[in-house]
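S.K.: Sequence plus the predicted model coming up.
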Amino acid sequence: MTMSVTIAISNHKGGVGKTTTVVNLAAGLAKLGRKVLAVDLDPQANLTFSFGVSKVEESIYDALKGKIETLPVLNIQENLYLVPSSLDLAGAEMELNAEAGREYILKEILDPIKDSYDYVLIDCPPSLGLLTINAFTAADEVIIPIQSHFLAIKGLTKILEVINKVRRRLNPNVQITGVIITLYDRRKILHRDIEDTIKTYFQDKVYHTKIRENISLAEAPAKGADIFSYSSGSKGAKDYYNLTLEFLARHEKDIEFDFEHND
Ligand SMILES: Nc1ncnc2c1ncn2[C@@H]1O[C@H](COP(=O)(O)OP(=O)(O)OP(=O)(O)O)[C@@H](O)[C@H]1O
Ligand SMILES: [Mg+2]
């Protein structure tokens, strides 16, 4: 068995498409035969709801607090598993603050199970607090979704600083491996300027695949469905399928991605 890869999907700016990306990248990878664990590390529990889970008995909060010994894992569809969140998690940041090794708690509970999966995707909350630091400490990689907006770059130095600190003090392996441009509308000339700016900062880390604004992507969570089940013919399904292929090309040597068809 190959080693699993753990990836934190993070941006402390809210509403940039983190959760949408975790749902649909996880579903895309699962459909292409990869075994995926999606971890909801956000007290808003949007990832949990987006997968159609509304009643949560045991959540990631119980595991972080040590109330249960192993992470609760729900099977969502073939190859796709979820660690659900709940509102309780909002208190975890404060409650775990006094614990020794508080930054390592998620790593400690993920380590025994992660190798049963090809990919572990962690949906981070829109903040750079202890939960996000736990995600960076447990992760091999960070992928940052960036909304195509003229203020998108503003404040990004904060997340880069935090990742650098985590590298120095907690997890020397973690690195930013991807930046995904989301909520893209190429009719707007401004978006192209923003894309250029993002590329000057992050160069080849920027995914060739951009996620366009698409109403189906906004509708699917209320149905508890990923975009491929909700609307397989939508632009959103096309973009996230391409993103999945590009992700695989970047992670698995024998996979190629045909850039020509990504339009
Ligand atoms: N490409 C898209 N086109 C249209 N709507 C989208 C797209 N991506 C995300 N959305 C919608 O935008 C909102 C924010 O997206 P999402 O929840 O994925 O962002 P987030 O970064 O996880 O937010 P938060 O910081 O609150 O966790 C949601 O209502 C989502 O359905
Ligand atoms: Mg979210």
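M.R.: Right, received. Where do you want to start? Ligands and ions are numbered 1, 2, ... in the order given.

S.K.: Alongside ligand 2, which residues does this structure contribute?
M.R.: By CB under 5 Å from the ion, the residues of the chain that approach ligand 2 are 18-19, 46. Placement of C-beta: from N, CA and C, glycine included.

S.K.: ok, these vs residue 202, which is closest?
M.R.: residue 18 (16.5 Å; CB to CB).

S.K.: Please tell me I have it right and the closest one contacts residue 143.
M.R.: No - the pair residue 18 / residue 143 is not scored as a contact, 9.1 Å apart, by CB atoms under 8 Å.

S.K.: Could you tell me which residues touch both of the two?
M.R.: When CB atoms under 8 Å, 6 or more residues apart in numbering defines a contact, the residues bordering residue 18 and residue 143 alike are 9-10.

S.K.: more crowded one of the two?
M.R.: More neighbours surround residue 18 than the other of residue 18 and residue 143, with 28 against 25 (other CB atoms under 10 Å).

S.K.: and that one, what does it touch?
M.R.: Here residue 18 is in contact with 9-11, 123-124, 126, 145 (CB under 8 Å, 6+ apart).

S.K.: For residue 44, see how far away the residue in the stretch 51-200 of the chain that ligand 1 sits nearest to is.
M.R.: Nearest to ligand 1 in the stretch 51-200 of the chain, going by CB to the nearest ligand atom, is residue 126, at a distance of 3.3 Å. With the distance defined as CB to CB, to the nearest Å, residue 126 ends up 8 Å from residue 44.

S.K.: Identify the contacts common to the two.
M.R.: Common neighbours of residue 126 and residue 44 (CB under 8 Å, 6+ apart) do not exist.

S.K.: Show the pLDDT at residue 260.
M.R.: The model reports residue 260 with a pLDDT of 55.

S.K.: what does residue 217 give?
M.R.: So residue 217 comes in at 98 (pLDDT).

S.K.: How about residue 72, nearest residue that isn't a chain neighbour?
M.R.: Of all residues not flanking residue 72 in the chain, residue 58 sits nearest, at 4.0 Å (CB to CB, 6 or more residues apart in numbering).

S.K.: I'd like to know how many residues surround that neighbour.
M.R.: Residue 58: 17 neighbours (other CB under 10 Å).

S.K.: Now do the SS call for it.
M.R.: Under DSSP: H, G, I helix; E, B strand; the rest coil, residue 58 falls in the coil class.

S.K.: re earlier: between the contacts of residue 18, which sits nearest residue 229?
M.R.: When those are compared against residue 229 (criterion: CB to CB), the nearest one is residue 123, at 18.8 Å.

S.K.: show me what contacts that closest one?
M.R.: By CB under 8 Å, 6+ apart, the neighbours of residue 123 are 9, 18-19, 22, 38-42, 46-47.
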